[in-house]
Structures are given as C-alpha cells and as structure tokens.
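*Asks:* For reference, the sequence and a predicted model appear below.
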Amino acid sequence: MKNSSLAKTGGKAGATSPAASSADWQEQMVVQYAPLIKYIAARLAMRLPAHIHQEDLISSGIIGLMDAAQKFDPSKNISFKTYAEFRIKGAMLDELRSLDWVPRSVRKKAHLLERAYAELERNLGRPAEAEEVAGALDLEITDFYQLLDETRGVSLVPLEGIRRTKDGRVEVLEAEPGEVSADERAGDSYRAVHLAELKEIMVQAIETLPDKEKLLISLYYYEELTMKEIGRIMGYTESRVSQLHTQAMLRLRHHLREGYQDLAEA
C-alpha cells in the first residue's frame, strides 16, 4: 500500500521512508515512468540528424531510468519524476557524446554561423535577422536556411532545466536535483557562486533573444509543446519552427561561451 501511494505522488517520499531503497519500489518506478523515456527521446530526436536512431536514445534512457531508481534519495524532498527526467536526459546526451555523431565539417559550419550571429549582434547592437546573417555569409536565403537545417544538431544547448516563474521571469536550474550533497555545497562555495553567475548569464541571454525566439523557447521548454504544435500557435511550418530554434540556440551558445570565458578569467 505504501509503495502504491508513492507511485501516485510521483515517487516522493519522506526522509525516513524505506520505500525508495526496496527492490519492489525501484521496479515499480521503472515500470511507471518508462513512458517518459520515449517522450524525452522523441523531443531530443527532433533536434538531431536523421541518421541518429531514436531507438539508441531509448536504450540509453532505460539505463538512465534504472540508475535513477537505484540512486534516488527521498531525503532530498524532490519528486522521483523530476530526478528521473534529469537522469534519462543525461544518459541520452552521454550516448550522443560517445557516438561522436557530428561530422567535423558540420561542426565547422555551426561555428561559422555562431560567429556570424555574434559579430552582427556586436556591430548592430541588436539580434541579427536571418537575411542579415545570410548576407554576411554571402548566401542566398534558401541556402542559409538549408545551412540551419544541417547544423540543428550541433546547436544543442541543455535548456531542459529552464523554468518560468509565476511572475513571468525565466529561471534556470543550477544543477541536477539531489546531485550535490550537503558536504559538497559546504566545501565548494566558490563553485556555487559560479553556478549562480552562469544561471544569471543564461537568463540574460534568453532575454536578449528576439520576441519570436523567446516565445519558442518558452513554449518548447516550459510548456513542453512539440514543434508542430508551436508552429500552429505561431503560424509557421514545423520546419520553420525548427530553424528558429536553431537560430536561438546559436545565439545562446555564443552568450554562454563568453560567460564561461569571463568566469574562467575572473
């Protein structure tokens, strides 16, 4: 009975509950939250090249969910669902990194795009329009959009930790829930300060995006809508929404890169 009640509340338990350490509870959580794996894999696959198979992501996601069930600490006072999502996504991203799935030529194109966006923003004092970036690269607009499609996987930025507060502010999770122990937090205050600073960099970077890209980020990462659903809301095709997402990620990568460099030099 106790295990059943935990399942209904997303696997949340009190610090003294033994349920999370039992094999039965772990099995129950894996079965109950298995659908999360396919959902997360599908959302991630939309931003990856066609040759990356969703089944590979699902396989790694299963490992992530099992790992979450074994390592979940109810004393952290977070829901198992939240913890499992982080573990599943982390396992899938680890799988992608191990595959080294992005050809060097595509990475080079992505860096070229990122630099073009950054230089134009610096010169114009505002986010550059697609036509302006295409002109700077001496590309026809159709060729520019094809380049965005080719580089969409490279522009992955881990924004799944984004939240929008009730007063409309964007907030970014600083670390995986339950991953930093009390001893680590006490012994590494310098790291904690840097995490807070990076969070602020991310928030500021999102606020500098053009309104349509900012709306897309909110709908995709906070409302968890699909690209097709966002397209219906914004009046764009699914392909155009994907291109807008890539543009937003390229802008954010530049801001984050600069932020990391500033912190490293501080």
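*Replies:* Thanks, I have it.
*Asks:* The longest helix seen in the chain packs against which elements?
*Replies:* Taking DSSP state H as the criterion, the chain has its longest helix at helix 238-265. Helix 238-265 sits against helix 104-124, helix 141-150, helix 189-207, helix 211-217, helix 227-234, with contacts defined as 3 or more CB pairs under 8 Å, 6 or more residues apart in numbering; DSSP states H and E. Using the backbone N, CA and C atoms, a C-beta is placed for each residue, glycine as well.
*Asks:* Report all helices and strands that the last one contacts.
*Replies:* Spelled out, that is helix 227-234. Using 3+ CB pairs under 8 Å, 6+ apart: helix 227-234 touches helix 211-217, helix 238-265.
*Asks:* need the least confident one among these, by mean pLDDT.
*Replies:* Mean pLDDT is lowest for helix 238-265 out of the helices and strands packed on helix 227-234, coming in at a mean of 79.
*Asks:* Now the terminal residues of stretch 39-56, how far apart.
*Replies:* 14 Å (CA to CA, to the nearest Å).
*Asks:* would you list the helices and strands packed on helix 238-265 in CSV and tack on distance to Lys38?
*Replies:* As requested, the helices and strands packed on helix 238-265 are exported to CSV (distance: least, CB to CB, whole Å):
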stretch, distance to Lys38
helix 104-124, 27
helix 141-150, 25
helix 189-207, 28
helix 211-217, 23
helix 227-234, 17
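*Asks:* wait, which of those helices is closest to Arg87?
*Replies:* Checking these against Arg87 by CB to CB gives helix 189-207 as the closest, at 19.3 Å.
*Asks:* could you list every residue that touches Ala69?
*Replies:* Contact analysis of Ala69 by CB atoms under 8 Å, 6 or more residues apart in numbering lists Trp25, Gln26, Glu27, Met29, Val30, Phe80, Ala84.
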